[in-house]
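K.L.:
fold the stuff below for me.
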Amino acid sequence: MSLYIGNKIITPIIIKNNYNPDSTTVIEGQYEKNWQIVSIDLTDITTIGKDAFNQCASLTSVIMDSVITIGERAFASCPALKNITIPSTCERIGDNAFQQFHGTITINKPQGSISGSPWGAAEGTTIVWEG
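P.N.:
This next block holds a predicted model:
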């Protein structure tokens, strides 16, 4: 996959949980508006801060298995992201965490166990509870 700005080729960025192996938190706004990020592996991350990946326009894939908290607008305005799975460890999803999201949010918990659904997701977004 190639990304372009004008006629310049931009190298996509794939983030894995090796950028700070001593941390279990993605801090507020850490990758906000980074249009080069295409995939993130948040294995062992427990907290995704407010606006952490807000407006990451090229983001298509998110892997998370241990997250407990997803902050406000964490994945807002990520138009390429069409599917996301929330693990059973998740206890809180912040307001508008998925603002303007168009796709399917799968939650590996019983229906209604996390309040606030659909967390700002666009009309027509499918929420699937699997718990």
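K.L.:
and Thr85, what element?
P.N.:
strand 83-86 (DSSP states H and E).
K.L.:
counting by contacts, list what the helix or strand following that strand packs against.
P.N.:
For strand 83-86, the succeeding helix or strand toward the C-terminus, using DSSP H and E, is strand 92-93. The helices and strands touching strand 92-93, judged by 3 or more Cβ pairs under 8 Å, 6 or more residues apart in numbering; DSSP states H and E, are strand 69-70. The way it works is simple: take the backbone N, C-alpha and C, and place the C-beta from them, glycine included.
K.L.:
what pairs with the strand it packs on, parallel or antiparallel?
P.N.:
The strands that strand 69-70 pairs with in its sheet are strand 47-48 (parallel), strand 92-93 (parallel) (by DSSP bridges).
K.L.:
identify the residues contacting the first one?
P.N.:
The contact list for strand 47-48, computed with Cβ atoms under 8 Å, 6 or more residues apart in numbering, reads 24-26, 42, 64, 67-71, 74.
K.L.:
who wins on neighbours among the residues you listed?
P.N.:
In terms of neighbour count, Ala74 stands highest of the contacts of strand 47-48 at 29 neighbours, by other Cβ atoms under 10 Å.
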